[in-house]
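Asker: Kindly generate the corresponding structure for this input.
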Amino acid sequence: MTIPIDIPGLDTIIPELGEGKLVVVESGADAAKSFFVRRLSLSAGRKGLPVTFVTSRDRDELQSQFAQERDVAPMSDRWITVHERDALRQFDEFASHGGLLAIDSFSFLTLDLTPDALANSLRSLRSVCRHKGTSAVLATDRGMFEPRSEAVVTHLADGLLQFHTREGPEGIVRFLRVPKWMDARFVDRNIYYEFDGKRLAIDLRSRVL
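Answerer: Coordinates of the predicted model:
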């Protein structure tokens, strides 16, 4: 079952995450990336899909964020299972339940893996996702992977969503790029957004950086 990209404006460009697909969400020091992953998790939960969330951060803090961000839509009390980890070597075990697998801080959790070991683990994860119909979203931190590992992750992902910030004439400019998506199309332009910690607002107007 597909999972809607429940962010107005962005959903007109990439409307959903396909069943059995693996997407990488990348950014620098921008909390919008983690917000997007949580938003996708809530979207899956509202559809009645099980969500498995793996994080390097505090479990209670994550649960509190979900409690603040979820809307009034009815959801099962057991809609999500959270795993707190300091490192990962194999991650296909988390994809066996179907629904959505979200791994925040993926690049941090796999720091000790060589590029070859990372490639093998990702291929195994992709295989389980295809077989079980699990959609997966991996959040990575820009600059944390070595170049070969970064190339491995980008190559094996079905989609790549990048959050960027840059200094512009009127201050900080935030924009998204979608250089790769699962249906073989991509968005070859900047998609501007604002983020206040509680809402990701997409601005589809053109502008010059």
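
Asker: Just the CA trace of the helix or strand harbouring Lys33, in CSV.
Answerer: If you go by DSSP states H and E, Lys33 is part of helix 32-46. Extracted C-alpha coordinates of helix 32-46, given in CSV (Å, rounded to 0.1, in the frame of the first residue of the first chain):
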residue,chain,number,x,y,z
ALA,A,32,13.0,19.8,8.6
LYS,A,33,14.4,16.5,7.5
SER,A,34,13.4,14.7,10.7
PHE,A,35,10.1,16.5,10.6
PHE,A,36,9.4,15.1,7.1
VAL,A,37,10.2,11.6,8.3
ARG,A,38,7.9,11.9,11.3
ARG,A,39,5.2,13.4,9.0
LEU,A,40,5.5,10.4,6.6
SER,A,41,5.3,8.1,9.6
LEU,A,42,2.0,9.8,10.8
SER,A,43,0.6,9.5,7.2
ALA,A,44,1.3,5.8,7.3
GLY,A,45,-0.3,5.4,10.7
ARG,A,46,-3.4,7.2,9.6
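
Asker: And the next helix or strand past it?
Answerer: strand 51-55.

Asker: And the helices in the protein, which stretches?
Answerer: 32-46, 59-69, 106-109, 115-132, 147-156 (DSSP state H).

Asker: any residues touching the helix holding Lys33, and which ones?
Answerer: 3-7, 17, 25-27, 50-51, 53, 65-66, 69-71, 73, 75-76, 79-80, 99-100, 102, 104, 135, 137, 139, 161, 163, 174, 193, 195, 197, 200 (C-beta atoms under 8 Å, 6 or more residues apart in numbering). Just so you know, the C-beta spots here come from the backbone N, C-alpha and C atoms, and that holds for glycine as well.

Asker: same check, this time on stretch 176-193
Answerer: Everything outside stretch 176-193 that qualifies as a contact, by C-beta under 8 Å, 6+ apart, is 9-10, 13-14, 18, 21, 23, 32, 154, 157-164, 173-175, 200-207, 209.

Asker: distance between the ends of it?
Answerer: Using C-alpha to C-alpha, to the nearest Å, one end of stretch 176-193 lies 7 Å from the other.

Asker: What residues sit buried inside that stretch?
Answerer: Using 16 or more other C-beta atoms under 10 Å as the test for burial, stretch 176-193 gives Leu176, Arg177, Val178, Lys180, Trp181, Met182, Val187, Asn190, Ile191, Tyr192, Tyr193.

Asker: Gly143: which of those residues is nearest?
Answerer: Arg177 (16.0 Å; C-beta to C-beta).

Asker: mind checking how far that closest one is from Gln63?
Answerer: 31 Å (C-beta to C-beta, to the nearest Å).

Asker: before we move on, the earlier item: turn the helices of the chain into CSV, columns for mean pLDDT and mean neighbour count.
Answerer: Shown next, in CSV, are the helices of the chain (pLDDT from 0 to 100; neighbours: other C-beta atoms under 10 Å):
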stretch, mean pLDDT, mean neighbour count
helix 32-46, 93, 22
helix 59-69, 81, 12
helix 106-109, 96, 22
helix 115-132, 96, 17
helix 147-156, 96, 16
